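*Asks:* sequence-free structure coming up:
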């Protein structure tokens, strides 16, 4: 699945040869590259790992993300691959239902459903929509200079130093680019939660009940995926860096969740130990002052890493990509037959518009995810009784009341990605 490296790089001192460089080949980086490509900007992606093939994870595509993917031209493909369960809900570990949701109500309310896909499927859809050779794997790149109105940004990669009119930093939660741009920012803070994720191929008994189960300082989720697979995830309060004593995270999941309601224990028992991933959850709970500096734009987890409790991490990275590309000025079409291609204009003046559009929205969603995490973190018996009572009451409210609370996130509409057309 990983692409071959590009041909010869542009020489230093020729920024027009590399109008845009993306640092990071995850969902945000590939979405940014595709958005820029659709706007007519030549782009190169530098990804430090040798392969783009992810394992062990699924993700939710909410209505806001589906619209952004439509703007990128890959929405239809992902809808064809995604799974929508007719009903999902929230339960206690005993199996008692606290709330149930008709997924069709989401589509009626917002015009789009919430769909589940494997992370690998989303990566593949973005990658295959890019021109061959756009992504250079095994090519870690570092920002050396942010550039300004008079000078290009400077990036160092294994094949040399490269100037660029625009650098998009999608280099993740531990972003070295973010630290370069904002050295006084405290960076990510530990949420208090660790997570486990695994994908189970063709379980013997497909789950009849899907959704989340909330316990005392812990939760687990069951999500059907295409081709008979099931995505199982879990989160629990734990010290940062703690791991299973014997290194067996599969056994640790069974120890923590093996007595919870069916079908969670059955799914965990038939999962493959080697496919269980464990990661601590860190988040940028302190908003950045901006998502840009000079000719560099931060995107995705590098800009607004959030806890997973609203399922918006990947969704917001895709939104970032569309908004950033839409804010850039149109490429200038060729004026004479001898001019071979569109001329990329200077994007630096558009970056404040990108920050202004994305910083307030993502800060609100980061804060909202943190608030949900605080509810999951409740451990005392009286606190859990109070929390679950409130959830059960909310579950009896009309669907539109609950859906209206999601409207600020789900009802988002993407800007139009104008495509260049020759005169």
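*Replies:* Cool, got the structure. All values reported here derive from a predicted model rather than from experimental measurement.
*Asks:* doesn't residue 379 fall inside a strand?
*Replies:* No - with DSSP: H, G, I helix; E, B strand; the rest coil as the criterion, residue 379 is assigned coil and is not in a strand.
*Asks:* what does it show for phi and psi?
*Replies:* Backbone dihedrals for residue 379, given as degrees, to the nearest 10, come out at phi -120, psi -30.
*Asks:* what about it, neighbour count?
*Replies:* 12 (other C-beta atoms under 10 Å). C-beta: built from backbone N, CA, C; applies to glycine.
*Asks:* from here on, count from 39
*Replies:* Sure, I'll start counting at 39 from here, so that last one is residue 417.
*Asks:* check contacts around it.
*Replies:* Residue 417 makes contacts with 254-255, 275, as judged by C-beta atoms under 8 Å, 6 or more residues apart in numbering.
*Asks:* try it again at 7 Å.
*Replies:* Each residue near residue 417 by C-beta atoms under 7 Å, 6 or more residues apart in numbering is listed here: 254-255.
*Asks:* quick check, pLDDT for it.
*Replies:* As predicted, residue 417 sits at a pLDDT of 98.
*Asks:* listing request: residues of the protein with sub-threshold pLDDT.
*Replies:* Where the chain drops to pLDDT under 70, the residues are 39-55, 91-94, 124, 370-382, 459-461.
*Asks:* how far away is the residue nearest the centre of it from residue 183?
*Replies:* Centroid-nearest residue in the chain: residue 352, 1.6 Å away (criterion: C-alpha atoms, centre = their mean). The gap separating residue 352 from residue 183 is 30 Å, by C-beta to C-beta, to the nearest Å.
*Asks:* again with residue 145
*Replies:* Distance of residue 145 to residue 183, computed by C-beta to C-beta: 47 Å.
*Asks:* more neighbours, the two?
*Replies:* Shown here are residue 145 and residue 183; by other C-beta under 10 Å, residue 183 has more neighbours (18 against 14).
*Asks:* rewinding a little: so which helix or strand takes in the residue nearest to the centre of the chain?
*Replies:* helix 351-365 (DSSP states H and E).
*Asks:* check which helices and strands that helix is in contact with.
*Replies:* Counting contacts by 3 or more C-beta pairs under 7 Å, 6 or more residues apart in numbering; DSSP states H and E, helix 351-365 is packed against helix 65-76, helix 101-110, helix 339-342, helix 389-414.
*Asks:* check which residues of that helix are buried.
*Replies:* Residues of helix 351-365 classed as buried: 351-365 (neighbour count, 16 or more other C-beta atoms under 10 Å).
*Asks:* determine the longest strand present in this protein.
*Replies:* strand 227-239 (DSSP state E).
*Asks:* what is the helix or strand following that one packed up against?
*Replies:* As assigned by DSSP H and E, the chain's next helix or strand after strand 227-239 is strand 249-252. Other helices and strands packing on strand 249-252, by 3+ C-beta pairs under 7 Å, 6+ apart, are strand 125-129, strand 256-262.
*Asks:* and of the ones you listed, who's closest to residue 109?
*Replies:* Among the helices and strands packed on strand 249-252, strand 256-262 comes nearest to residue 109, with 25.0 Å by C-beta to C-beta.
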